[in-house]
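Asker: I'll drop the sequence and a predicted model, then ask my questions.
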Amino acid sequence: MPAGSATPPDNVIRPPASAYHADKRVAIQSIFFFWAFYFVLNTAHMAIAGANNQFEMVCRRVAVVLIGITLTFVMYAVLRYFDSRSMRFMVTATFLVSFPVSIAYAVVNYTAFYVAVPTESLMREIAQMHADHESTLAVITDSTVSWYFFIAAWGVLYVALCYAARVGQAERQAAVFRSQAQAAQLRALRYQINPHFLFNTLNSLSALVLRQRTREAERMITNLATFFRTSLTSDPAADIPLSDEIDMQHLYLDIERIRFPDRLSVVIDVPKTLENVPVPGMILQPLVENAIKHGVARSSSPVTLTIRAQADGDFLHLTVEDNAESNALPEPGEGVGLRNVRDRLVARFDGKADVRFGPRDGGGFRVDLTIPLQSHA
């Protein structure tokens, strides 16, 4: 955009027009409320004061109020045109627009009560004004000042409604941004699949091909393709049934069983009543991968990897453990998978989930996840 140009660039994202407008229904209701309040208050005042010709005065007052409502609608249309401007501009416009509207209403009010067929009591009031040397202009000016504050008060209310609309829009937009940021964080964490798994699998696949173990190589390729297709195409911010999460781990572990046919056995302990409970997708993957990397791969003896689920009140407990004697706390800088799981649970459950891990009695490593027990998927 050239320097000094007042035209915004085309790629600027502007808030929707509705973000600046006060709710139309509320604005219109406020106009009727303001004038109804005046009508009821003034009519009650005149009745208490015992003024004459009350019925005729009420009829005139109704006509004047209807004109006042019309003038306020004109003011509303003008102010709505400036809704996208700053609040300071809106307040200034309110006080400026209120002035001609107040003059117009004061003239209408004077004409309705003092010019258009005045009653006997009004005639005496007019005569008294002449005796006091009050001109028509002076009466209208005094009335204008009085009505100015009444009409400006409605204008300020409308500005407040516009401000509330902007605040509400800002809060909704902030909520959308927070949701998008959380989804982006979950997506980033979800896609942090350890590249060592892929490299090791490809190496194992190469070894199988060289040894002409075709059937096992085909099974590994099929499982690997299914695993990555499922893990990379599903919504990373969505929950999935626990049974689907277990199926994903079955795919992964079937690949690892081909790599470690004599060292890896798997135990899955998930009650049928919990199979449809929603859990964050791929939440167990880093834990199972850690057990393979730090336990099975480093062990020379058979290792049993156990995945267990159980409900406890309003919480679901998920456990991944192994009995590898070599498995211990990750070395500094190696606990990426555990941090991944912790960060995902913090983002997903806002501090209501818990991750605990450490060596287990008898050797091996254990990770316990505690998450809110949600409704069945």
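Answerer: Right, received. Where do you want to start?
Asker: check which helices and strands the host helix or strand of residue 219 sits against.
Answerer: If you go by DSSP states H and E, residue 219 is part of helix 214-233. For helix 214-233, the elements it packs on are helix 195-210, helix 242-259, judged by 3 or more Cβ pairs under 8 Å, 6 or more residues apart in numbering; DSSP states H and E. No exception for glycine: its C-beta is placed from N, CA and C like everyone else's.
Asker: how far does it sit from its chain's centre?
Answerer: Distance, stretch centre to chain centre, for helix 214-233: 38 Å (Cα atoms, centre = their mean, to the nearest Å).
Asker: so what touches it?
Answerer: The contact list for helix 214-233, computed with Cβ atoms under 8 Å, 6 or more residues apart in numbering, reads 190-191, 193, 201, 204-205, 208-209, 248, 251-252, 254-255, 258, 281-282, 285.
Asker: and the buried ones among these, selectable in PyMOL?
Answerer: The buried residues among the contacts of helix 214-233 can be selected in PyMOL (16 or more other Cβ atoms under 10 Å) with this line:
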select buried, resi 190+193+201+204+205+208+248+251+252+254+255+258+281+282+285
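Asker: thinking again about what came up before, tell me which of the helices and strands packed on helix 214-233 lies nearest to residue 46.
Answerer: With Cβ to Cβ as the criterion, residue 46 lies closest to helix 242-259 of the helices and strands packed on helix 214-233, at 74.6 Å.
Asker: tell me what angle that closest one forms with helix 214-233.
Answerer: Angle, helix 242-259 to helix 214-233, by axes from the mean of the first three to the mean of the last three Cα atoms, to 10 degrees: 140 degrees.
Asker: quick one: mean pLDDT for helix 242-259?
Answerer: For helix 242-259, the mean pLDDT works out to 88.
Asker: what's the following helix or strand past that helix packed up against?
Answerer: Going down the chain from helix 242-259, the next helix or strand is strand 264-269, by DSSP H and E. Applying 3+ Cβ pairs under 8 Å, 6+ apart, one finds that strand 264-269 contacts helix 242-259, strand 303-312.
Asker: could you dump strand 264-269 to CSV, C-alpha only?
Answerer: Presented in CSV, the C-alpha positions along strand 264-269 are these (Å, rounded to 0.1, in the frame of the first residue of the first chain):
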residue,chain,number,x,y,z
LEU,A,264,8.2,-59.4,23.2
SER,A,265,4.9,-60.6,24.5
VAL,A,266,1.8,-58.4,25.0
VAL,A,267,-1.0,-58.5,27.6
ILE,A,268,-4.1,-56.3,27.1
ASP,A,269,-6.4,-56.0,30.1
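Asker: ok, and for it, which residues are buried?
Answerer: Neighbour-count burial for strand 264-269 flags 264, 266 (criterion: 16+ other Cβ under 10 Å).
Asker: contacts for it?
Answerer: Strand 264-269 has contacts (Cβ under 8 Å, 6+ apart) with 246, 250, 253, 256-257, 292, 296, 302-309.
Asker: ok, then the element right after that strand?
Answerer: Next along the chain after strand 264-269, taking DSSP H and E as the criterion, comes strand 278-280.
Asker: element containing residue 84, please.
Answerer: Assigned by DSSP H and E, residue 84 belongs to neither a helix nor a strand.
Asker: burial of it, as a residue count?
Answerer: Here the count is done by other Cβ atoms under 10 Å, and residue 84 has 16 residues near it.
Asker: and it, its phi and psi?
Answerer: With angles defined as degrees, to the nearest 10, residue 84 sits at phi -80, psi 0.
Asker: what's the answer for residue 354, then?
Answerer: Here is the backbone geometry of residue 354 (degrees, to the nearest 10): phi -140, psi 140.
Asker: enumerate every residue touching it.
Answerer: Remark: with contacts taken as Cβ under 8 Å, 6+ apart, residue 354 is in contact with 345, 368-370.
Asker: most neighbours of all those residues, which one?
Answerer: residue 369 (24 neighbours).
Asker: ok, and the closest non-adjacent residue to that one?
Answerer: With Cβ to Cβ, 6 or more residues apart in numbering as the criterion, residue 369 has its nearest non-adjacent residue at 4.3 Å, and that residue is residue 318.
Asker: tell me the secondary structure for the one you found?
Answerer: Put simply, residue 318 is strand when judged by DSSP: H, G, I helix; E, B strand; the rest coil.
Asker: tell me the helix or strand right after the lowest-mean-pLDDT helix or strand in the chain.
Answerer: Every helix and strand of the chain was ranked by mean pLDDT, DSSP states H and E. The lowest is helix 120-131, at a mean of 57. Using DSSP H and E, the helix or strand that follows helix 120-131 towards the C-terminus is helix 136-190.
Asker: now do that next one, average pLDDT.
Answerer: Averaging pLDDT residue by residue across helix 136-190 gives 79.
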